[in-house]
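[1] give me the fold of what follows.
(4 chains)
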2 protein chains.
Amino acid sequence: MTTEETTSRVPTARARARAELTREIKDAARRQMAEHGAAALSLRAVARELGMVSSAVYRYVASRDELLTALIIDGFGAAADAAEASETASARAGAATRWMALAHAIRAWALANPADFDLVFGSPVPGYQAPVATIEPVERLSLTFIRVVADGVASGDIATDSITSIPRPVHTDFARIRELARADISDAVLSRAFLVWTQLFGALSFELHGQLHGVIDDPDAFFDLQIRRSAHILVTAG
Amino acid sequence: MTTEETTSRVPTARARARAELTREIKDAARRQMAEHGAAALSLRAVARELGMVSSAVYRYVASRDELLTALIIDGFGAAADAAEASETASARAGAATRWMALAHAIRAWALANPADFDLVFGSPVPGYQAPVATIEPVERLSLTFIRVVADGVASGDIATDSITSIPRPVHTDFARIRELARADISDAVLSRAFLVWTQLFGALSFELHGQLHGVIDDPDAFFDLQIRRSAHILVTAG
DNA sequence: AAGCTGTCAAGAGCACTGCTCTCGTTTCAT
DNA sequence: ATGAAACGAGAGCAGTGCTCTTGACAGCTT
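    Below you'll find the model as predicted:
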């Protein structure tokens, strides 16, 4: 993080020790973040856990924010990876099936890494401003979804109703997305796609933040039902 | 908060001063929370703003968490109030119209009080655990929504498809909600209601957390479109 | 009117945070 | 072998929530 690697072929003992320690710091930070939340991540606590003094950690990590950023990129990259894996695994299936697989993959990741989820989709940590580098994995995740939709449209799985009138400014936004994703998805379908996409994260937010407590006892079954409905919405002309 | 009021009819000068200062503390805290986020709320900063020393604030507020709780209840009560107001204002309209009005009211509140939104629906503040008292306004908000749905079912605005098979555990959960809300809403409709409800908060979360930046330039138009779609989903049998 | 009681603002202090700087030491490359 | 770079440790600054003590004052009772 702080310094440049030497260009020697064989990594020196120091370099290896450095890589090792950097990894340990990230691991400890990840553990703490998972346990006490991202906002409570403390460099001093990380240092304590590793049996070193706080200032020593700064040899490996420039700042708390930089560490946070690294964790975001790693953690969220994992989400994008999981999504892409589910994508390729069900690539031959219909659009509805693929969407459900994708949604379940994202949920599994979110349940396993709630802190990462909050870091990207939740309220931002007070002093922390997520740098541009963090949007790359988010974009990858979104594009995975858009690809499912585009394929569904191409294969005819997703009905393309043209009735719904799309307001002018939204049409402009949608046109840009089409261009960016290089996918020919009609405004109506794009709007349905946004609907199920935001619904997914709304449902995850509710589940992760305990909003379902005392209301829904079986979140798994509930989520599955919800996502089946959303798949139907995505596929069927409204 | 800390001490008991005297039982005298006319409030003494001291009691009035106390009430006044308590209000000022809450106001200042609310301002700070709106500006820097809930997690960054600092009692010392509040004290500074009011020109007093930090320890003096503890005469009026037991702890930072208690202050946070008070702000949640107040702020979220406002949301429930706004929702109920929109409810009574459009009580004679159809279910779709009422739902759209309710959604817009909730969005308006969320945009005006993003910190409160995060405090209730976002990632919890590190050390803070929301006490039970805070769920009362949340429940009020949910019940307002359920009433709209129940009325829509009763009036025939909301189609009651019975085809969709609901898993056993979810059926049990739904039955309890029916009983709790004293509303006769079929499983299928209830499931649709959950869908649009979570979609609403997913959309708000995306908008409030900047997830739409560079993607959607006109959030107002976009939200309106989304909520029209969700109204259609709520009303139409899937 | 005097005195007692409880409330008040203020300050010092504890343990914690992120972060910087300095100081010797160790390691590596030349 | 020597000089530079990297390193761990420690002190220190400014900030946080919160507690305890102190001295001043208001309001009620006698």
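[2] can you list the weak-confidence ranges in chain A?
    By pLDDT under 70, the weakly predicted segments of chain A are A:1-10, A:126-127, A:162-163.
[3] recalculate using a threshold of 90.
    Filtered on pLDDT under 90, chain A yields the residue ranges A:1-15, A:17, A:34-40, A:91, A:119-120, A:122-136, A:160-165, A:210, A:214, A:237-238.
[4] quick check: longest helix of it.
    Selection of the longest helix in chain A by residue count, based on DSSP state H, yields helix A:64-89.
[5] is chain B within reach of that one?
    No - against chain B, helix A:64-89 shows no contacts by CB under 8 Å from any CB of the partner chain, the least distance being 12.7 Å. Yep, even glycine has a C-beta here, placed from its N, CA and C like the rest.
[6] neighbours around the residue of chain A found nearest chain B, how many?
    At 2.4 Å from chain B, A:Gly202 is the closest residue in chain A, using CB to the nearest CB. Counted by other CB atoms under 10 Å in any protein chain shown, the residues lying close to A:Gly202 total 25.
[7] distance of A:Val215 relative to A:Leu21?
    45 Å (CB to CB, to the nearest Å).
[8] and if you look at A:Asp217?
    With distances defined as CB to CB, the gap from A:Asp217 to A:Leu21 amounts to 45 Å.
[9] swap in A:Phe222?
    When distance is defined by CB to CB, A:Phe222 is 43 Å away from A:Leu21.
[10] can you check A:Ser123 too?
    As it turns out, when the distance is counted by CB to CB, A:Ser123 lies 32 Å from A:Leu21.
[11] neighbour count winner among the two?
    A direct count of neighbours by other CB under 10 Å for A:Ser123 and A:Leu21 places A:Ser123 higher, at 24 against 16.
[12] before we move on, what SS does that one have?
    coil (DSSP: H, G, I helix; E, B strand; the rest coil).
[13] need the contact list for it.
    For A:Ser123, the contact set (CB atoms under 8 Å, 6 or more residues apart in numbering or on different chains) comprises B:Gly37, B:Ala38, B:Ala39, B:Asp118, B:Gly122, B:Ser123, B:His209.
[14] which ones, among those, also lie beside DNA strand D?
    The subset of the contacts of A:Ser123 within reach of DNA strand D, by CB under 7 Å from any atom of the strand, is empty.
[15] tell me which of these fall in helices.
    Secondary structure assignment (DSSP H) places B:Asp118 from those within helices.
[16] related to what we said a few turns ago, so the residue of chain A closest to chain B makes contact with B:Leu195?
    No - checked against CB atoms under 8 Å, the pair A:Gly202 and B:Leu195 is beyond contact range at 9.2 Å.
[17] A:Ala130: which of the contacts of A:Ser123 is nearest?
    The nearest member of these to A:Ala130, counting by CB to CB, is B:His209 at 9.9 Å.
[18] and that closest one, its phi and psi?
    For B:His209, the backbone dihedrals are phi -100, psi 20 (criterion: degrees, to the nearest 10).
[19] A:Ala79 and A:Ala29, how far apart?
    18 Å.
[20] what of A:Ala154?
    Using CB to CB, we find A:Ala154 at a distance of 43 Å from A:Ala29.
[21] and these two? Which one has more around it.
    Comparing A:Ala154 with A:Ala29 by neighbour count (other CB under 10 Å), the higher total belongs to A:Ala29, at 25 against 13.
[22] which residues does the more buried one contact?
    Per CB under 8 Å, 6+ apart, neighbours of A:Ala29: A:Leu41, A:Val46, A:Leu67, A:Leu71.
[23] quick check: nearest residue in space to the third one, chain neighbours excluded?
    If I follow you right, that is A:Leu67. A:Val61 (4.7 Å; CB to CB, 6 or more residues apart in numbering or on different chains).
[24] now do the SS call for the one you found.
    Note that with three-state DSSP, the state of A:Val61 is coil.
[25] quick one: it and A:Val153, what's the gap?
    In terms of CB to CB, A:Val61 sits 45 Å off from A:Val153.
[26] now A:Ala101
    Taking CB to CB as the measure, A:Ala101 falls 18 Å from A:Val153.
[27] go on, A:Leu68?
    38 Å.
[28] hmm, A:Ala95 is touching A:Asp157, no?
    Yes - with contacts counted by CB under 8 Å, A:Ala95 reaches A:Asp157, the gap being 3.7 Å.
[29] anything in contact with each of those two?
    Any residue near both A:Ala95 and A:Asp157 by CB under 8 Å, 6+ apart counts here, and that gives A:Asp151, A:Val235.
[30] show me where chain A has helices.
    A:13-36, A:43-49, A:54-57, A:64-89, A:95-112, A:114-121, A:135-155, A:168-181, A:187-208, A:219-235.
[31] so which of those helices comes closest to B:Ser54?
    Between B:Ser54 and the helices of chain A, the shortest separation by CB to CB is 22.7 Å, and it involves helix A:43-49.
[32] outside of the closest one, which residues touch it?
    Applying CB under 8 Å, 6+ apart, the set of residues contacting helix A:43-49 from outside is A:25, A:28-29, A:31-32, A:53-54, A:56-58, A:61, A:64, A:67.
[33] near DNA strand C, anything from stretch A:118-131?
    No - counting by CB under 7 Å from any atom of the strand, DNA strand C is not contacted by stretch A:118-131; separation bottoms out at 7.8 Å.
[34] gap between the two ends of that stretch?
    Using CA to CA, to the nearest Å, the span of stretch A:118-131 from its first residue to its last is 16 Å.
[35] quick check: buried residues in that stretch?
    A:Asp118, A:Leu119, A:Val120, A:Phe121, A:Gly122, A:Ser123, A:Pro124, A:Val125, A:Tyr128, A:Ala130 (16 or more other CB atoms under 10 Å in any protein chain shown).
[36] return the backbone torsion pair for the last one.
    Same thing as A:Ala130. Backbone torsions of A:Ala130, given as degrees, to the nearest 10, read phi -60, psi 120.
[37] just checking, it touches A:Ile72?
    Yes - in this structure, A:Ala130 is within contact of A:Ile72 by CB under 8 Å, at 6.7 Å.
[38] quick one: the closest residue to DNA strand D within chain A from B:Ala130, how far?
    Here chain A gets closest to DNA strand D at one residue, A:Ser55, 2.7 Å apart by CB to the nearest atom of the strand. Separation of A:Ser55 from B:Ala130 (CB to CB) stands at 36 Å.
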